[in-house]
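Student: With the sequence up front, the predicted model follows.
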Amino acid sequence: MKLLPALALSTALGIYTFSAHAEKKVNPADYTVPVHITACLYGAGNSLVMQAVINGKHFQLTGDSIRSDSTHFGLLHPGDYKARLWDHSDAKTDYLSYDEYELLLPDGHTLKAAVSGIYESTP
């Protein structure tokens with residue numbers, strides 16, 4: 001039962017790990033949005049904070065951390081990825097929006113990341 005408190009803490013901090021295999025098969029054809037990650041760093045609770053260009057616009061994305069092995073967290077390498085719009089607010093106005101993307105990683109895993117910043121140009 002020593003694992004239960006650690007699991008609760010991990011869940012509260014948003015720390016998750018990927019298993020050796022993707023939990024579900026994804027269809028790469030569903031991931032049609034090109035995303036260029038220009039930077040990635042750790043945020044609160046080891047979350048990933050990424051600078052991205054999506055459709056020519058500059059965004060900050062925040063997502064769950066990726067555990068590269070049993071003791072180390074990994075940063076997502078800058079580069080080109082495909083994504084799909086996971087959540088898109090129906091309450092979008094001309095001045096507010098909330099979008100969440102699901103990025104397809106080269107090994108078939110996915111990473112959900114919410115838009116947490118919007119920039120007119122590179123920050």
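Tutor: Ah, there it is.
Student: so where's the protein shaky on pLDDT?
Tutor: 1-24, 70, 87-92, 122-123 (pLDDT under 70).
Student: again, only this time at 50
Tutor: In the predicted model, the chain carries pLDDT under 50 at residues 1-22.
Student: what ranges do the helices span in it?
Tutor: 3-13 (DSSP state H).
Student: so where do the strands sit in it?
Tutor: Remark: strands assigned in the chain by DSSP state E are 33-42, 48-54, 57-63, 66-67, 73-74, 79-88, 99-104, 110-119.
Student: So which elements touch the fifth one?
Tutor: It stands for strand 73-74. strand 66-67 (3 or more Cβ pairs under 8 Å, 6 or more residues apart in numbering; DSSP states H and E). Yep, even glycine has a C-beta here, placed from its N, CA and C like the rest.
Student: so what's residue 50 up against?
Tutor: 37, 39-40, 60-63, 76, 113 (Cβ atoms under 8 Å, 6 or more residues apart in numbering).
Student: go again using 6 Å as the cut-off
Tutor: With contacts defined as Cβ atoms under 6 Å, 6 or more residues apart in numbering, residue 50 is in contact with 37, 40, 61.
Student: Kindly report the same for residue 37.
Tutor: 50, 52, 76, 78.
Student: Make a PyMOL selection of whichever of these turn out to be buried.
Tutor: Listed next is the PyMOL selection for buried residues among the contacts of residue 37, using 16 or more other Cβ atoms under 10 Å:
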select buried, resi 50+52+76
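Student: Nearest to residue 30, out of the contacts of residue 37: which one, please.
Tutor: residue 52 (18.8 Å; Cβ to Cβ).
Student: Hmm, residue 34 and the closest one touching each other?
Tutor: No: look at residue 52 against residue 34 with Cβ atoms under 6 Å: they stay out of range, at 10.2 Å.
Student: Any idea how many residues pack against residue 39?
Tutor: The number of residues packed near residue 39 is 14, by other Cβ atoms under 10 Å.
Student: Nearest residue to it in space, ignoring adjacent ones along the chain?
Tutor: residue 51 (4.1 Å; Cβ to Cβ, 6 or more residues apart in numbering).
Student: Great, nothing more from me.
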